[in-house]
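J.: Prediction below, plus the sequence it came from.
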Amino acid sequence: MAGKKVKSAGKTRDRISLVAGILIGLTFLASGTGKIIGAEEVPAQVLDFISNFLPHVFITPATLSFLLDIFIPHIVPWTEFILGVCLLIGFLPRLMAVLCLPLLSAFLGTNLWAITQGGYATCASCFGIWEEYFGSLTPVQALIYDLALFAFAILIIIFHPGKFFTSRPWLANLGERQKLDATTLKSKILDLSDRLQNLGSKALTCLKLIGQKARQHPRIASIMGICLLGLITYGVITASINTVVPKNDITREIPVVSDISVSEISETSAVISWTTDKMVSSSVEVYTQGRIFIITVINKSPVTAHRLLVAGLAPDTTYYFGILSDDKLALSKEHSFTTLAPKPFIISDVSVSYVTESSATITWLTNRPATSEVEYWESGSRNRLTASNDKLTISHSINLASLEADAIYYYQVKSTDASGNQAISPILVMSAQLGKQAPDFTLNSLDGKSVTLSDYRGKVVMLDFWIWTCSACREKLPIIQQAFAKIPPEKVAIFAIHFEGKASVIQSYVIGVGVTVPILLDLEGAVSDVYKVYAFPTTFFIDRDGITRMINVEFNNAEELENIFNTILGTK
């Protein structure tokens, strides 16, 4: 009885360990693959946590670069993936559970810190791309999840049967079966080799027998050989004649083709022209590179100057063609042309005008007639509104009414052409601050200088509100740096205003990326509140009279940013 109880207890412990391993394995597998496939950016919550708890002596440009570019986006997801796979297949479960503990401790700490800080609606990209399909966890939910996984890891360490470096029995048995299968495969290969040898010897015997019969009856063998040679010769001559001599009447006069050209090439059509030395009908055959037939175009009117339109083609595709006679005899060598690549359907020149406390007009252009639609929402709100017009036009204008006074709105314009192609603009900012005096402020820079906005009256000023933990901000900063190195300082001033954070951490990041743009420290967030900045990065362009002219204008390189400055300066 005692033995049965011990055996039953052992099975229970094994089941507990197995279930815990499967649960942790599935979670880590989902988390790792979601981050790897989704190529997730480094979550700001994680960087905030690290910069607050990592001793400042370790916060150097090299450390930040390692965290941003290697450890968080690559090492952590692959570690989760490997641990998940090992736990699922039962490879050294106790060791894998021990390795899970530091990772789970880091997750616990991050979510616990996020809860105490507030302001983080979701966990720090727990499951990567899968969150787009199944939703995100809040920091509280993620904390509970991490506590459960931590407990499962402890259960594996305690209840897994066998020694520390032992795998599950089925994995060991699989290895034994693989050895057995290898032995069986070797015996089958040897058996097949013997059979092939026997078959070869039989074929050799058969050939020898044929040779003996031929020597016994030389006349019969000679006659059969001559007949076979004659049949082969006849076949070759017949095929050559059919290839070289067309079935048409070769005595008739074949027209001479010259001046072959292709013109008026578009995305879906082209015009093929040629001349002949006598009046005949026009015919051209078009096919693709693999000689896949596309179309034959014919004009039965006899002429000497031929011109045929070939339509219904695919864009950005190479086609081959040949000139044909009335009875489809090829009259020219193979020629080719390539249709034009399709022009992208684009939106341009998006602008806001006639801004009042409760209304604004959004205008933009498209490169072909299309519908007009504006989707807009107040900053901080999830309620998205839409205004649209179904008329097809290239010049678009939509009026937005019933706006909240002194509020910042985000908007996105959309247009759909007659073929159903849609173009969408980047998300832009609309604010009652446009056309008004920019609020004055005084902030300290990283190098200890005091900067007052009104001191730069007479220059075009760019204010870039950013946070170093924001990936979009980090992408924009090098572009701003390139423009800063080119623009004339007597005409333009650029300031990157960092929202909250620690000066030492910001300093380490700025030095690491080689930024020399003046960095102003809005450590209390007071200036960001005055300018109603709720998303990062947000850029303001202020003219020489201190008037806000543009907010969050899209630029993708230094040249585009220079063009914005030139536009405000009036030089373009």
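T.: Sure thing, it's come through.

J.: Direction included, what does the helix or strand where N444 lies pair against?
T.: Using DSSP states H and E, the element containing N444 is strand 442-445. With DSSP bridges as the test, strand 442-445 is paired with strand 450-452 (antiparallel), strand 519-522 (antiparallel).

J.: Quick one: closest of those to T371.
T.: Smallest distance to T371 across the strands paired with strand 442-445 (C-beta to C-beta): 41.4 Å, for strand 519-522. In this view, the C-beta of every residue, glycine as well, is placed from N, C-alpha and C.

J.: I'd like the average pLDDT over the closest one.
T.: When pLDDT is averaged along strand 519-522, the result is 95.

J.: Kindly report the same for stretch 423-442.
T.: Mean per-residue pLDDT for stretch 423-442: 84.

J.: same thing with stretch 289-302?
T.: 82.

J.: Could you check how far that stretch is from the centre of its chain?
T.: With C-alpha atoms, centre = their mean, to the nearest Å as the basis, stretch 289-302 stands 40 Å off its chain's centre.

J.: in that stretch, what's buried?
T.: I294, V297 (16 or more other C-beta atoms under 10 Å).

J.: and if you look at stretch 418-426?
T.: Neighbour-count burial for stretch 418-426 [16+ other C-beta under 10 Å]: A423, S425.

J.: After the helix or strand where T386 lies, which helix or strand is next?
T.: If you go by DSSP H and E, T386 is part of strand 385-400. As assigned by DSSP H and E, the chain's next helix or strand after strand 385-400 is strand 408-416.

J.: can you give me the mean pLDDT across the strand holding T386?
T.: 93.

J.: P255 - how many residues pack around it?
T.: For P255, the neighbour count with other C-beta atoms under 10 Å is 17.

J.: The closest residue to it other than its chain neighbours pairs with what?
T.: Closest residue to P255 apart from its sequence neighbours, by C-beta to C-beta, 6 or more residues apart in numbering: T276 at 4.3 Å. Beta-bridge partners of T276, counted by DSSP bridges, are V257.

J.: Counting neighbours, which bits of the strand holding T386 end up buried?
T.: Neighbour-count burial for strand 385-400 [16+ other C-beta under 10 Å]: H396, I398, L400.

J.: List the residues that contact the nearest residue to the first one once chain neighbours are set aside.
T.: The shortest distance from H396 to any residue that is not its chain neighbour, by C-beta to C-beta, 6+ apart, is 4.1 Å, and that residue is S372. By C-beta atoms under 8 Å, 6 or more residues apart in numbering, the residues touching S372 are S388, N389, K391, T393, H396, S397, I398, V413, S415.

J.: again, only using 6 Å
T.: By C-beta atoms under 6 Å, 6 or more residues apart in numbering, the contact list for S372 reads N389, H396, I398.

J.: That one pairs with what?
T.: N389.

J.: ok, back up a step: would you mind giving the strands paired with strand 442-445 as TSV with mean neighbour count and distance to L83 added?
T.: Formatted as TSV, these follow (neighbours: other C-beta atoms under 10 Å; distance: least, C-beta to C-beta, whole Å):
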stretch	mean neighbour count	distance to L83
strand 450-452	12	49
strand 519-522	22	40
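
J.: buried ones in the host helix or strand of F565?
T.: For F565, the host element (DSSP H and E) is helix 558-569. Of the residues in helix 558-569, A558, L561, E562, N563, I564, F565, I568, L569 count as buried by neighbour count, 16+ other C-beta under 10 Å.

J.: Quickly list what the residue nearest to A503 when sequence neighbours are not counted is bridged to.
T.: Spatial nearest neighbour of A503, chain neighbours left out: L521 (6.0 Å); criterion: C-beta to C-beta, 6+ apart. Counting by DSSP bridges, L521 forms beta bridges with N444, H498.

J.: separation between L521 and C470?
T.: Per C-beta to C-beta, to the nearest Å, L521 is found 16 Å from C470.

J.: now F484
T.: F484 is 19 Å from C470, by C-beta to C-beta.

J.: ok, now A151?
T.: A151 is 35 Å from C470, by C-beta to C-beta.

J.: what do you get for T27?
T.: Counting by C-beta to C-beta - T27 and C470 are separated by 28 Å.

J.: Quick check: F495 touching D522?
T.: No: judged on C-beta atoms under 6 Å, F495 makes no contact with D522 at a distance of 10.4 Å.

J.: List the contacts of Y456.
T.: Contacts of Y456 by C-beta under 6 Å, 6+ apart are A493.

J.: backbone phi and psi for it, please?
T.: For Y456, the backbone dihedrals (degrees, to the nearest 10) come out as phi -100, psi 20.

J.: go on, C100?
T.: According to degrees, to the nearest 10, C100 has phi -70, psi -30.

J.: now do S273
T.: phi -130, psi 150.

J.: What is the neighbour count of it?
T.: 16.

J.: again with the one 3 residues further on
T.: The number of residues packed around T276, counting by other C-beta under 10 Å, is 22.

J.: Show me where the stretch 251-400 of the chain has its strands.
T.: 257-263, 270-287, 293-310, 318-323, 335-338, 347-353, 360-378, 385-400 (DSSP state E, counting those that start in this stretch).

J.: Would you format those as a markdown table with distance to S31 included?
T.: Listed next are these as a markdown table, based on distance: least, C-beta to C-beta, whole Å:
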| stretch | distance to S31 |
| --- | --- |
| strand 257-263 | 56 |
| strand 270-287 | 52 |
| strand 293-310 | 50 |
| strand 318-323 | 46 |
| strand 335-338 | 47 |
| strand 347-353 | 38 |
| strand 360-378 | 31 |
| strand 385-400 | 36 |
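
J.: Which one, of those, ends up nearest to G84?
T.: strand 360-378 (38.3 Å).

J.: and that closest one, which residues are buried?
T.: For strand 360-378, by 16+ other C-beta under 10 Å, it's 360-364, 366, 368, 370-378.

J.: avg pLDDT for that strand?
T.: pLDDT averaged over strand 360-378 gives 91.

J.: For S402, which non-adjacent residue is spatially closest?
T.: S358 (6.3 Å).

J.: roughly how far apart are that neighbour and M550?
T.: On the measure of C-beta to C-beta, S358 and M550 end up 21 Å apart.

J.: Least confident secondary structure element in this structure?
T.: Every helix and strand of the chain was ranked by mean pLDDT, DSSP states H and E. The lowest is helix 218-244, at a mean of 55.

J.: Give me the below-cutoff pLDDT ranges for the stretch 51-200 of the chain.
T.: 56-58, 119-121, 171-197, 199-200 (pLDDT under 70).

J.: Apply 50 and report the result again.
T.: By pLDDT under 50, the low-scoring segments of the stretch 51-200 of the chain are 180.

J.: Looking at S358 and M550 now, which is surrounded by more residues?
T.: M550 (19 against 13).

J.: Doesn't that one belong to a helix?
T.: No: assignment of M550 by DSSP: H, G, I helix; E, B strand; the rest coil gives strand, placing it outside any helix.

J.: Give the bridge partners for it, please.
T.: Counting by DSSP bridges, the residues bridging with M550 are F541.

J.: CA atoms of the strand holding N444 as PDB?
T.: In PDB, the C-alpha atoms belonging to strand 442-445 read as follows (Å, rounded to 0.1, in the frame of the first residue of the first chain):
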ATOM      1  CA  THR A 442      12.100  80.500 -20.000                       C
ATOM      2  CA  LEU A 443      13.900  77.100 -19.600                       C
ATOM      3  CA  ASN A 444      17.300  75.900 -18.700                       C
ATOM      4  CA  SER A 445      19.300  74.000 -21.300                       C
END
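
J.: from the chain's centre, how far out does that strand sit?
T.: For strand 442-445 - counting by C-alpha atoms, centre = their mean - the centre lies 39 Å from the chain centre.
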